[in-house]
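> Pasting the sequence and the predicted model now:
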Amino acid sequence: MSKSGVALGLLLGLTLGLGLGLFVAWGLLPPKHYEGPPSALKEPLKKDYVYLISAAYAQEGDLNKARERLKSLGYRDPAAVLAQTLAELKSKGAPRESLAALAVLAQALKAPIPAAETYLPSPTPTSTPQPLLPTPIPPTATPTPSPTPLPSFVLKAQEKECRPDGEPSLLEIEVLAKDGTPLPGIELIVSWEGGEEYIFTGLKPGKSPGYADFEMQPGATYRVRPAEEGSEEAANLLSSGGGCPPDKPMVSWRLTFQEAP
């Protein structure tokens, strides 16, 4: 056999082997995605999560929920972790607002942090009490109806994207403040029939401080809303089908929530 024939045979063999390997890897044995508990995070990401817990506590004021979230990280001494995280952020030149969130949670948990009071927000000065005088009530006064409270976050945008089979179906969520700046540390509730998951913005700062995402399972329908009471909800979010063409059956959603004015 000539040298060109040998080279052609080797090239054909390599091509067939590569094609068979890709077929087995992506067709017969596709990669699986697994989600683990917060305790499975690497240590630097755990510290980021500790800060997000303190930021969420500053928004919600729910101490029991903050305790449960710290407990989910698997630390035996959450108070010591708060102190360590505060010290690390201070050494990196973090803004006072970030240190204040950690200090407020540490004070609520009675964590012994040296000079924690230097990071706490300044108390609002109280005015001198004035003597109360009786206010005359008009005889025909009509009660004024209470205004309906506005939701804490409103759904500003909802966009569907059809993706090829094999690509993940994602909920990609952005949370903004009133002025349009991204908000980290906002808790979001993702729910579906038979399940519910809590996620936070800010864990992927490379995309945006106000960004969070969640991988959906095929055939399920999801709902998403910020955990803040009264917030609007995005519902009927299909993970597949939903009018997409046959070559792009997977569905992803881009949602934007903004703080109500």
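Okay, I see it. Residues are numbered from 1 along each chain as shown.

> Which parts of the protein belong to which domain?
38-118, 153-259 (automatic domain parsing).

> what distance separates the longest one from the middle of the whole chain?
Read it as domain 153-259. 10 Å (Cα atoms, centre = their mean, to the nearest Å).

> Quick one: mean pLDDT for it?
Over the span of domain 153-259, the pLDDT mean works out to 92.

> related to what we said a few turns ago, would you list the domains of the chain in CSV and tack on mean neighbour count?
Yep, even glycine has a C-beta here, placed from its N, CA and C like the rest. Below are the domains of the chain laid out as CSV (neighbours: other Cβ atoms under 10 Å):
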stretch, mean neighbour count
domain 38-118, 16
domain 153-259, 16
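
> gap between Asp48 and Lys42?
Asp48 is 10 Å from Lys42, where distance means Cβ to Cβ, to the nearest Å.

> Strands of this structure, residue ranges please.
For the chain, the strands defined by DSSP state E occupy 153-163, 169-176, 187-192, 195-200, 211-216, 221-226, 234-238, 250-259.

> and the fourth one, which strands flank it?
In other words, strand 195-200. If you go by DSSP bridges, strand 195-200 pairs up with strand 187-192 (antiparallel).

> Point to the residue nearest the middle of this structure.
Centroid-nearest residue in the chain: Phe200, 2.0 Å away (criterion: Cα atoms, centre = their mean).

> Now do the contacts for that residue.
Tyr49, Leu52, Ala56, Pro184, Gly185, Ile186, Glu187, Leu188, Ala212 (Cβ atoms under 8 Å, 6 or more residues apart in numbering).

> Tell me how far it lies from Asp77.
22 Å.

> can you check Pro38 too?
For Pro38 relative to Asp77 (Cβ to Cβ), the value is 16 Å.

> Leu102 too?
Taken as Cβ to Cβ, the span from Leu102 to Asp77 is 15 Å.

> cool, Ala111 as well?
Taken as Cβ to Cβ, the span from Ala111 to Asp77 is 9 Å.

> Check Gly93 too.
26 Å.

> what's the spacing between the residue lying closest to Gly241 once chain neighbours are set aside and Asp213?
Of all residues not flanking Gly241 in the chain, Pro249 sits nearest, at 6.4 Å (Cβ to Cβ, 6 or more residues apart in numbering). Per Cβ to Cβ, Pro249 is found 20 Å from Asp213.
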